[in-house]
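> Just a sequence and a predicted model for now, questions to come.
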Amino acid sequence: MLTDGSIRQAVEFESAENLVLSVYLNVDPRRRTAEKYKLALRALLAQVPNAPEVDRRKIQNYVEMGYDWQGRGIIIFSCHKGDFWWAESVSVGIEDAVFVSYRPYVHQLATLIETHDRLGVIHINQMDAQLYLYRLGNLEAVEGYLGEEVRSHRASRYQRHEAETARQNLQEMAALAEEFYRKTGTERLVLAGTDKNAARFRDMLSNRLQAMIIGKIPAHANVTASELQQKTAELASNSAHEFGRRLTDQLITAARKNSNGVLGLADTLNAVQSGRAQHVVLLADYSQPAFRHKESGYIIVAPSSGAQSNSSQDDIAAPGANEGLEVLPDAVDSVLRRALLQGIGITVLSEHEELAKAGKIGALTRY
């Protein structure tokens, strides 16, 4: 099961001497048969001839013989010599990818977490409600409420009674939702049901929960948890995209005014490593190698003689300027890893013309 602890385990792992093989594989049965995704895995592994053979075999054996055929994607990190194995199935779409480095490649995992993690769905009727929590599309927790039956009557005195019964049911559902989503640390909410029930229920929620709602989906009384998840995943992706575009516009404006925003890899690294970053924004296809000081772990885009930043590269390199450097195959992945560990927001966009011109990555800062 995907937990905060397992995510942190993947993000924090590093082997100084042994390579980690990272694989993201789409196993969505709507797109691929089992034979096709096994062939896709072999094609991926062929792209990394430097990957340890023992890890290649271990991943291939897991997919071909150990995988339980659940979900739409598999994420695997393997470092046999470092005694590290991490495999999770997710129920949201992922893209095939493979990477070899001394750490798990978390680029795509970070994107999935920011879009689909801790997503709550409330399915509302007049008499009952189902509260769901999904993590990367997987059903993590569920709780139900069954209230007093609401019947339809023509007489006005009965209609008033039934309206009051429906109102009390919705109030008790709202109270249950407050407690359930507080305990589960839910970050986004979707309402499911008829327009009338959803609107009445929303009005009974606290300002905190109302602010978490990203949308509503139609749902009949007998809808399944799987059907809700599929509808919600699409809504969450669209919501994240719109939010990301607005945030990126805000970032670019702030950076151009020399306010609380920075653009480009060097300045973004500086903001993340100094603890000033609040939210990182980047393009999905962006990656760039960089350098890391072996002793301090501090990352720079280039040695100080090759400054590539609006700020002083000497300042960026200062924490370990005289120490030996090692090459990082992708500093963008390091930005995302540190953002996950520090609780910094992450937005990954497929495209944004202005951000592409401004360095493909940036961060809103605290000051």
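Structure's in. What do you need?

> going forward, measure contacts between C-alpha atoms and count neighbours the same way
Fine.

> Let me see the mean pLDDT of stretch 7-27.
Stretch 7-27 shows a mean pLDDT of 95.

> got the end-to-end distance for it?
Terminal residues of stretch 7-27 lie 21 Å apart, using CA to CA, to the nearest Å.

> List the buried residues in the helix or strand containing residue 249.
Per DSSP states H and E: residue 249 is located in helix 225-256. Residues of helix 225-256 classed as buried by neighbour count (16 or more other CA atoms under 10 Å): 225, 228-229, 231-233, 235-236, 240-241, 244-245, 247-248, 251-252, 254-255.

> Can you list the helices and strands that it packs against?
Packing partners of helix 225-256 (3 or more CA pairs under 8 Å, 6 or more residues apart in numbering; DSSP states H and E): helix 107-116, strand 213-217, strand 261-263, strand 345-349, helix 353-357, strand 361-365.

> and those as TSV, adding mean pLDDT?
Shown next, in TSV, are the helices and strands packed on helix 225-256 (pLDDT from 0 to 100):
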stretch	mean pLDDT
helix 107-116	94
strand 213-217	96
strand 261-263	97
strand 345-349	95
helix 353-357	97
strand 361-365	98
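
> Just send the ones you listed back as a markdown table, with distance to residue 144 too.
Listed next are these as a markdown table, based on distance: least, CA to CA, whole Å:
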| stretch | distance to residue 144 |
| --- | --- |
| helix 107-116 | 22 |
| strand 213-217 | 19 |
| strand 261-263 | 44 |
| strand 345-349 | 31 |
| helix 353-357 | 44 |
| strand 361-365 | 40 |
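
> would TSV of those with mean neighbour count and distance to residue 300 be doable?
Below are the helices and strands packed on helix 225-256 laid out as TSV (neighbours: other CA atoms under 10 Å; distance: least, CA to CA, whole Å):
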stretch	mean neighbour count	distance to residue 300
helix 107-116	20	19
strand 213-217	17	37
strand 261-263	27	15
strand 345-349	21	20
helix 353-357	13	21
strand 361-365	27	15
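
> So for residue 15, which of the ones you listed sits nearest?
With respect to residue 15, and counting by CA to CA, the nearest of those is helix 107-116 at 18.0 Å.

> Quick check: residue 299 touching residue 289?
No - the criterion here is CA atoms under 8 Å, and residue 299 misses it with residue 289 at 10.4 Å.

> who has more neighbours, those two?
Per other CA atoms under 10 Å, whichever of residue 299 and residue 289 has more neighbours is residue 299, with 26 against 14.

> Check the secondary structure at the spatially closest residue to the more buried one that is not a sequence neighbour for me.
Once flanking residues are discounted, residue 299 sits nearest to residue 292: 4.3 Å by CA to CA, 6 or more residues apart in numbering. Three-state assignment for residue 292 (DSSP: H, G, I helix; E, B strand; the rest coil): strand.

> quick one on the thing from earlier: quick one: closest of the helices and strands packed on helix 225-256 to residue 131.
Nearest of these (CA to CA): strand 213-217, 13.7 Å.

> packing partners for the closest one?
Strand 213-217 packs on strand 188-192, helix 225-256, going by 3+ CA pairs under 8 Å, 6+ apart.

> Which of the helices and strands packed on helix 225-256 sits closest to residue 197?
Across the helices and strands packed on helix 225-256, closest to residue 197 is strand 213-217 (CA to CA), at 11.0 Å.
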